[in-house]
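Enquirer: Show me how the following folds:
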Amino acid sequence: MQQFDNLDDYIEDLKAKSAKNPTCSNTHYNLGVAYLSKRDFMEAEREFISAINESPKMAEAYVQLGGICLQRNDIDGCLRYNIQASQQRPFFAVPWGNIGFVYLQKGDVDKAIGALKRAVKYDPNFVQALSTLGSAYFQEGELDDCIEVCEKAVKIQEHFGPAWNNLALCYIEKKDFDKAAECIEKAKQSGYDIPEEMIKDLEESRS
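Expert: Numbers count the residues shown, from 1 in each chain. Reported below is the predicted structural model:
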């Protein structure tokens, strides 16, 4: 594989390839990813749409377009693109994880849980989906289910802060304050920002 000194050289090479073969969806997709690395969302969006025009079943391009929508705080657009991705590749875990995340943001917890369960079924090691599923269970008051999926998440990826945060919340609810403090410490070690209010409340509960 050809090595490039910088991203701009790589983009120029891809643009030259695309000019020679404009119907190659993979080149458009790779260009989109390269533009994303530069945070040039407009060019990235253009290339992902070109990729889909040439290859309508390219689920990854729909997912990327959903991510661009999220950057713009367009959660409905994000949902729409990820649903399209899931229709093109029903067993692709990533769009289901994103669909679950968006439904949770919209306050539709039941739909979120349904989508996230699918994501985890198709990819049992999908840490983000496990943790988001934990958040959904916590919102429903299903503390044991939240603990179960978040413990799975941190077994797969020890330094996954959001899962430790969920575990801390569960143990606070269960009044197991020592265990909650351990989870908060793990979350902090993972670089996750725990709300000061939560730490203060826990310290007061333990004293």
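Enquirer: Show the low-confidence segments of this structure, by residue range.
Expert: 1-4 (pLDDT under 70).
Enquirer: For it, just list every one of the strands.
Expert: Remark: no strands are assigned in the chain by DSSP state E.
Enquirer: Test my guess that residue 56 contacts residue 88.
Expert: Yes: the criterion here is CB atoms under 8 Å, and residue 56 meets it with residue 88 at 7.4 Å. Every residue, glycine included, has its C-beta placed from N, CA and C.
Enquirer: ok, those two, which is more surrounded?
Expert: Neighbour comparison, residue 56 and residue 88: the larger count goes to residue 88, with 18 against 12 (by other CB atoms under 10 Å).
Enquirer: who touches residue 98 in this structure?
Expert: 63, 66-67, 78, 82 (CB atoms under 8 Å, 6 or more residues apart in numbering).
Enquirer: which one among these gets closest to residue 8?
Expert: residue 67 (22.2 Å; CB to CB).
Enquirer: any idea how far residue 101 is from the closest one?
Expert: In this view, residue 67 and residue 101 are 11 Å apart by CB to CB, to the nearest Å.
Enquirer: Which one's more surrounded, the two?
Expert: Comparing residue 67 with residue 101 by neighbour count (other CB under 10 Å), the higher total belongs to residue 101, at 25 against 18.
Enquirer: wait, what's in contact with that one?
Expert: Residue 101 neighbours (CB under 8 Å, 6+ apart): 112, 116, 128, 132.
Enquirer: Can you say which two of those are spatially most distant?
Expert: Top of the distance list for those (CB to CB): 112 and 128, 13.1 Å.
Enquirer: Compare the two (neighbour count), which wins?
Expert: The residue with more neighbours, out of residue 112 and residue 128, is residue 112; 25 against 20, by other CB under 10 Å.
Enquirer: residue contacts, that one?
Expert: Here residue 112 is in contact with 100-101, 103-104, 132, 136 (CB under 8 Å, 6+ apart).
Enquirer: Apart from its neighbours in sequence, what residue is nearest residue 147?
Expert: residue 170 (5.2 Å; CB to CB, 6 or more residues apart in numbering).
Enquirer: give the contact list for the one you found.
Expert: Shown in contact with residue 170 (CB under 8 Å, 6+ apart): 138, 143, 146-147, 150.
Enquirer: and those residues as JSON lines, adding distance to residue 51 and neighbour count?
Expert: JSON lines is the format used below for those (distance: CB to CB, whole Å; neighbours: other CB atoms under 10 Å):
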{"residue": "138", "distance to residue 51": "37", "neighbour count": "21"}
{"residue": "143", "distance to residue 51": "43", "neighbour count": "18"}
{"residue": "146", "distance to residue 51": "38", "neighbour count": "25"}
{"residue": "147", "distance to residue 51": "41", "neighbour count": "20"}
{"residue": "150", "distance to residue 51": "35", "neighbour count": "29"}
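Enquirer: Done for today, thanks.
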